[in-house]
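Enquirer: Have a look; sequence and predicted model below, questions after that.
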Amino acid sequence: MNIQEILQKTIEHKESTLAIVSEKHGNPSKVTFYNTRGEEIGYMTINVAIPKNLKTRPTKKIKGPIENIRLLKGLIPFEEGAGWDFWLVKPAHGRYNMIMELYHEKKPTGFKIFIKRIHLED
């Protein structure tokens, strides 16, 4: 499937953003985001921790410091607030700017995205 076909599927599923994950040494390292016209809207460089057994479902719910959420919402169409399943954004120190952790039934799942850098296109 080429990028045009993937963009078409994005539109068919009424989504506004397409995320392409690049890998380095077999691990996710960068996520590039495109709008439905195929224009790059930004990217983030990442490291990921994935548990062996992940029992949850995708969610667009997010909570955490508002400045971090605003930045992420520039790339991903998140919905602020929390329910049973949500992403919690936490500040980080050292080589990471923030950490996103997935919660299922209000409990951490162990799935974390360590964000090194976020870049938004003008």
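Expert: Cool, the structure landed.
Enquirer: what about the longest strand in this structure?
Expert: Ranked by residue count under DSSP state E, the longest strand found in the chain is strand 107-120.
Enquirer: in that strand, what counts as buried?
Expert: Buried residues in strand 107-120, counting neighbours by 16 or more other C-beta atoms under 10 Å, are found at 109, 111, 112, 113, 114, 115, 118. Placement of C-beta: from N, CA and C, glycine included.
Enquirer: Residue 1 versus the first one, what's the distance?
Expert: By that I understand residue 109. 29 Å (C-beta to C-beta, to the nearest Å).
Enquirer: now the end-to-end length of stretch 95-108.
Expert: 22 Å (C-alpha to C-alpha, to the nearest Å).
Enquirer: With stretch 31-43 instead?
Expert: 6 Å.
Enquirer: And the contacts of it?
Expert: Residues outside stretch 31-43 that contact it (C-beta atoms under 8 Å, 6 or more residues apart in numbering): 3-4, 7, 10-11, 15-22, 30, 44, 46, 74-76, 118-121.
Enquirer: Please indicate which of these are buried?
Expert: 7, 10, 18, 44, 46, 75, 76, 118.
Enquirer: Nearest to residue 99 among the residues you listed?
Expert: Residue 99 has its nearest neighbour among the buried ones among the contacts of stretch 31-43 in residue 46, at 10.1 Å by C-beta to C-beta.
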